[in-house]
Structure formats: C-alpha cells, structure tokens
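Colleague: got a sequence here, can you build the structure:
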Amino acid sequence: MQRPIYLDHHATTPLDPRVLEAMLPYLREEFGNAASRTHEYGWRAEAAVEQAREEIAAAIGAREPREIVFTSGATESDNLALKGLLRARRERARELVISALEHPAVADTAEALGAEGFAVRKLPVDGGGLVDPAALGESLVDGTGLVSVIWAQSEIGVVQPVAELARRCRERGVPFHSDAAQAVGKLPVDVERDGIDLLSFSAHKLYGPKGIGALYVRRGRPALRLEPLLHGGGHEWGLRSGSLPVMLIVGFAAALRIALAEREAEAERLAALRELLLRRLRERLGGVALNGDPLRRLPGNLNLSIEGVPGDALVAGCPGLALSTGSACASARPEPSPVLRALGLPAERVREGFRIGLGRGTGEAEVLRAAEQIAAAAERLGAERVVSPPPGRAASLPVSNPAGE
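Modeller: Predicted coordinates:
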C-alpha cells in the first residue's frame, strides 16, 4: 500500500540516512557515558559530544562551545530559557513579553509563569504576522525581564525581523530569546551578529533524530544566570542534569552540518516548488488565500484558506497527503488556530486554514499530485456545501478572489 505524500515537514522531518550513519557507532561499540572520565569509553564519548558541541556552536555563530546546553528538544529549551531566566531574576524581572504567534512551548510556559506571579504581555502582529520592532521598543518598561519572539512561525511560516527586535531589547537592557526550531538550518542564523541572548532549537526539524535539542545561552556582556529545571548530577555546567545521549548529539551535529551545506540550494528549490503548488491551486480553484506575509516566510511553507472549504475537512478529504491544520503540538486542541486569529482574519477564513510543509523529499511530481488531490477535494467539499447548506443559510457558490490574495 502506497503511503501518503509527506507534506508536514514543519511537524517533523525524516531522519537523513547520512545522519543515521554518523549515529550508528554510538549505538553499538561507542556506548560510553560522556560523564565517565576514568576510562577510554567515557573519554571517547566525551570527545564526540564536545566535537558536536563545537560544530553546533559554530553553525549558529556562537562565540564559544560552552554557550550550547544540550536538552531533550526545543520545548525543554524554551522552558529552561523562560523559567530559568525569570526565576533567577525574580526580584527585578516582573514581566515577560511574548508575541501573539508563539508556539505552545513558549505560550504555555508563559501562562505557567503568569500563575507564578509574573506579568505576561503579548505583542500584537500586523496582518502578515510580523511584530513591529519600534512598537516593541516603545513598550519595554523597567520591570520587563525577558522578550521572547519566535524566529520562524511553524504554522504560517512567517520570519520575524529578529535582529531588529533584539537590538531594541538590547538598547533597553532586556534579554531577548527566540524559538528558532524552524529557522536553524533553513535560514541564516548568527546569534552573535544578531544580538541574540537565548536561542532554542532541535534536531528533528532538520532531518536529525528526535529527543535532542539545544539552548544557546550567551556568556559575557554580562553573563546570563538561569535557574535549572532539573537537578541531579550537575551536567551541562549545572543547567541541565542527566546523562547525555551521545548518539543523538552526534546525529544533531551531523544533521546541522548537512543542512548548512545544502541550505541555499534547498531554499531555492523549495521556494520554486511552493510557488508551483500555489499557482496550480489558483489555476484550478477560486478563493485561494495565502495566510501570512507572502515574502518573509520559510521557503517550504504554505498556509492557505480555500473559500467555502473548512481546513479540517480538506485535510481529512485528502487521504493521499499528509497535511495539517496547524502546529503538531497544538493538534489536540479543538479551538480555531490562535495564530490565524492573531492575524485579524475573519472567523470563516481561520476555520478554512491548513498548512503545507515541503521538504527534502518533496519533488515536482509530488507537488503536482498534491495540487490535483487538494483541488479535487476542495471542489467536492465545496459542491457538498452548496447542495446541502447548513440550516438557516442560503446556498452560495465559492467566489473567486480576483486579487489573488
């Protein structure tokens, strides 16, 4: 039986065979504990971890490897960044500022911190999903302890002006954190150049293994102090206790190395496929609207609303495609997408939203087949709504959008 075409690369990516090859020795003969410093098995494991740490630090522009703290993934990194910094600065840091588009790993952590007594403020975004740096700068107050703005939004693919946002924070002496799980390996990321204080990212978004991530913690100017979430052994300079998963860390570095080597060519290829898919859908259907800024977005991302067709029904009506209606981490929540609502879109358009994530395994043939299946499902579902309108509502045909929005 043929499996669906995978178009959900923002949720996760398949493990690259080259990454698996790099990991295999550390699943077999190189099984030592990196914290065992009394024999060769531990020394070799520690050497592998530190080499990977150096590669990962260099890949994101960190000044030194010690600025990389390994975690179980971006969710843990977000928790450590937000809870760790604010709890450590509780006496003078009374407010957390986040954007209205944050991933649940940040939004839910912010809610938990609110329950601890911290004030939480959400920054609005414009109709394209962008935060205004000037507005951010003007809103900062003496008690603002941390600002967290996602680098690239996983649902609508919008890329924030993080360097300018970080600059506004630096001018007021406020640390700046970004969840960059969707950005690292796909976009130019340089924490030193862009003035980032804390950065969360993980391996499984860039064809690496699940269960491993990192938090970049700036050292110097002055050093940031975080309160650890976990205790028991003092690993990772006391910030994250627990035996390090050597094979996952090695895979993380290998995945990032491959992603950086292929980034520019892959971005160009995915952007071309994205435009091909959108063009084919608009040639076939009326009322295809793109959600999120059309220019500042991830090359493989499309978030669309097709007029008259609910997004969840469309996804269910395309069994030959692996699509989604939003973030995988929010999929258990029945309410309409808070990300699309934050753009100020009409309620119906929010309900019509669905996400397409192209990736390394997507080719032109897959895109053309996907366009055909999505169009066919939309036409079928649109016809069903016309024939059987909800009680109390008149039937109407979908109206094309001549502006091509």
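Colleague: okay, the residue nearest to Gly195 when sequence neighbours are not counted and Gly317: tell me how far apart.
Modeller: In space, and not counting its chain neighbours, Gly195 is closest to Ala166: 4.2 Å by Cβ to Cβ, 6 or more residues apart in numbering. For glycine as for every other residue, the C-beta is placed from the backbone atoms N, C-alpha and C. Computed as Cβ to Cβ, to the nearest Å, the Ala166 to Gly317 distance reads 42 Å.
Colleague: higher neighbour count, the two?
Modeller: Taking other Cβ atoms under 10 Å, Ala166 and Gly317 do not tie; Ala166 has more neighbours (24 against 19).
Colleague: which parts of the top helix by length along the chain are buried?
Modeller: Across the chain, the longest stretch assigned as helix under DSSP state H is helix 246-284. By neighbour count on 16 or more other Cβ atoms under 10 Å, the buried set for helix 246-284 is 246-260, 263, 266-267, 269-271, 273-274, 277-278, 280-282.
Colleague: would you confirm that Gly287 contacts Leu281?
Modeller: No: with contact defined as Cβ atoms under 8 Å, Gly287 does not count as touching Leu281 (10.4 Å).
Colleague: where do the helices of the chain begin and end?
Modeller: 17-23, 40-59, 74-88, 104-115, 133-139, 162-171, 191-194, 246-284, 311-316, 338-342, 347-351, 364-387.
Colleague: the first one packs against which elements?
Modeller: What that stands for is helix 17-23. Using 3 or more Cβ pairs under 8 Å, 6 or more residues apart in numbering; DSSP states H and E as the contact test, the elements touching helix 17-23 are helix 246-284.
Colleague: the helix it packs on - what's its average pLDDT?
Modeller: The pLDDT scores in helix 246-284 average 98.
Colleague: now swap in stretch 287-302 and tell me
Modeller: 97.
Colleague: circling back to that earlier point, any residues in contact with both of Gly287 and Leu281?
Modeller: Ile306 (Cβ atoms under 8 Å, 6 or more residues apart in numbering).
Colleague: counting by contacts, list what the longest helix of the chain packs against.
Modeller: Applying 3+ Cβ pairs under 8 Å, 6+ apart, one finds that helix 246-284 makes contact with helix 17-23, helix 40-59, strand 288-290, strand 301-306, helix 364-387.
Colleague: quick one: which of those is nearest His235?
Modeller: Set against His235 and scored by Cβ to Cβ, the helices and strands packed on helix 246-284 come closest in helix 40-59, at 10.4 Å.
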